[in-house]
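Visitor: using only what follows, build the 3D model:
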Amino acid sequence: MEQNPPNIGIKIYVAGHRGMVGSAIVRNLKAKGYANIVTHTRSELDLTNQSAVQAFFQAERPDHVYLAAAKVGGIHANNIYRGQFLYENLMIEANIIHAAWESKVDKLLFLGSSCIYPKMAPQPLTEESLLTGPLEPTNEPYAIAKIAGIKLCETYRDQYGANFISAMPTNLYGPGDNYDLETSHVLPALIRKIHTAKVTGAASVPLWGTGSPKREFLHVDDLAQACVHLMHDYDGTEWVNVGTGTDLSIKELAEMICSIVGYEGALNWDTSKPDGTPRKLMNVSKINALGWKAKIGLREGIERVYRDVKDTFG
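Guide: Coordinates of the predicted model:
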């Protein structure tokens with residue numbers, strides 16, 4: 001535990017504390033000694049309900065807010081539930097950001113996503129690439145909602161002087177991830193599919209796409225550390241990328257997971273399925289210059305995750 005962390009007695013609201021990101025932030029804060037952490041489940045507080053959110057903020061008046069609540073999913077879910085993803089994410093962020101300003105929150109951190117950047121933006125993705133080209137069509141509604149959240153923070157800072165900042169994480173994995181094959185992201189989906197193929201003795205695993213797109217993956221505990229670091233040490237106007245700065249192809253990722261799981265069958269790529277964006281690598285020079293760097297290597301992180309979840313798949 002850190003010695004004398006700053007502002008140890010402040011009240012902190014973590015929106016989305018049951019999700020992968022929110023729960024990691026809560027773990028990180030508690031490990032640092034923060035005890036005055038406010039959380040509410042979805043049944044206790046509907047974040048899409050403006051009056052309910054305003055009443056919550058007026059009653060609780062938190063000092064810091066981590067806005068990690070979101071409607072999330074992989075390519076399939078983003079593409080099928082387009083209206084739901086856009087509406088729910090717009091409502092959640094608008095309600096929380098506005099209520100935080102109304103109740104004079106000292107500081108708010110909004111969590112975005114690397115999908116905010118144009119599909120064909122130069123790699124690695126810099127913060128300056130935002131709004132320079134068309135988005136990836138399959139997750140455009142989610143990306144537009146996240147861009148709106150960034151702009152809410154930016155404009156509330158400009159107009160009202162609110163100390164609201166934004167962080168853009170790359171692809172995440174770790175404790176609390178979603179392994180439902182209909183709605184999960186690529187890494188947990190690969191873990192589940194390859195594990196299932198191993199335990200059933202399948203000769204091959206059907207996988208989406210060509211395996212050629214390149215992706216970057218960050219352990220959620222590294223992201224949580226970055227969020228707390230930014231909350232304490234960054235008051236700038238611009239959003240900040242959070243990632244490892246290194247990537248690999250989906251094929252290489254699948255082969256790594258096969259090695260970790262101990263599966264020796266074939267990978268059967270269905271090239272009729274969409275690949276999504278060809279490459280998404282974050283330029284993380286800005287956050288590295290602010291004193292944060294990812295510490296958990298990808299293979300180590302996946303080994304940890306697989307150890308924790310392999311017995312839950314049945």
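
Visitor: which residues does N89 contact?
Guide: Shown in contact with N89 (C-beta atoms under 8 Å, 6 or more residues apart in numbering): A70, K71, Y142, A145, K146, G149. Using the backbone N, CA and C atoms, a C-beta is placed for each residue, glycine as well.

Visitor: at 7 Å instead, please
Guide: Shown in contact with N89 (C-beta atoms under 7 Å, 6 or more residues apart in numbering): A70, K71, Y142, A145, K146.

Visitor: ranking these by neighbours, who comes first?
Guide: Y142 (27 neighbours; other C-beta atoms under 10 Å).

Visitor: pLDDT at that one, what is it?
Guide: On the pLDDT scale, Y142 is placed at 92.

Visitor: distance of it from G112?
Guide: From Y142 across to G112, the span is 10 Å (C-beta to C-beta, to the nearest Å).

Visitor: hmm, back to that, of the contacts of N89, the lowest pLDDT goes to which?
Guide: K71 (84).

Visitor: helix/strand/coil for it?
Guide: Recorded secondary structure, K71: coil (DSSP: H, G, I helix; E, B strand; the rest coil).

Visitor: now it, nearest residue through space, not along the chain?
Guide: Among residues not flanking K71 along the chain, E88 sits closest, at 4.2 Å (C-beta to C-beta, 6 or more residues apart in numbering).

Visitor: A strand includes that neighbour, no?
Guide: No - under three-state DSSP, E88 sits outside any strand and is assigned helix.

Visitor: ok, and what's touching stretch 293-301?
Guide: Y173, G174, F217, L218, H219, D221, D222, T244, M256.

Visitor: so S184 sits in a helix?
Guide: No - counting by three-state DSSP, S184 falls outside a helix, being coil.

Visitor: thought N178 was touching it, still the case?
Guide: Yes - with contact defined as C-beta atoms under 7 Å, S184 and N178 form a contacting pair (4.7 Å).

Visitor: of those two, who's got more company?
Guide: Applying other C-beta under 10 Å to S184 and N178 shows that S184 carries more neighbours, namely 21 against 18.

Visitor: measure the more buried one to M256 for me?
Guide: 17 Å.

Visitor: again with L135
Guide: L135 is 29 Å from M256, by C-beta to C-beta.

Visitor: higher neighbour count, these two?
Guide: More crowded of L135 and M256, by other C-beta under 10 Å: L135, with 20 against 16.

Visitor: number of residues surrounding L267?
Guide: 20.

Visitor: distance check, the residue nearest to K71 against C258.
Guide: 35 Å.

Visitor: secondary structure element for the residue nearest to K193 when sequence neighbours are not counted?
Guide: Among residues not flanking K193 along the chain, V205 sits closest, at 5.3 Å (C-beta to C-beta, 6+ apart). Element membership of V205 [criterion: DSSP states H and E] is strand 204-208.

Visitor: list the pairing partners of that strand within its sheet, with orientation.
Guide: Strand 204-208 sits in its sheet next to strand 266-270 (parallel), going by DSSP bridges.

Visitor: alpha carbons only: can I get the partner strand in PDB?
Guide: What follows is strand 266-270 as a C-alpha-only set of coordinates in PDB (Å, rounded to 0.1, in the frame of the first residue of the first chain):
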ATOM      1  CA  ALA A 266      -6.300 -26.400 -36.000                       C
ATOM      2  CA  LEU A 267      -7.600 -22.800 -36.200                       C
ATOM      3  CA  ASN A 268     -10.400 -22.600 -38.900                       C
ATOM      4  CA  TRP A 269     -10.700 -19.000 -40.000                       C
ATOM      5  CA  ASP A 270     -14.100 -18.100 -41.500                       C
END
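
Visitor: so what's the gap between the helix or strand that that strand is followed by and the chain middle?
Guide: Sequence order places strand 279-280 as the next helix or strand after strand 266-270, per DSSP H and E. Distance of strand 279-280 from its chain centroid, counting by C-alpha atoms, centre = their mean, to the nearest Å, is 16 Å.

Visitor: may I ask which two of the contacts of N89 are separated the most?
Guide: Spatially, the most separated pair among the contacts of N89 is K71 and K146, at 11.0 Å (C-beta to C-beta).

Visitor: OK, contacts around K310?
Guide: H195.

Visitor: hang on, isn't I8 packed against K32?
Guide: No - taking contacts as C-beta under 7 Å, I8 lies outside contact range of K32: 8.2 Å.
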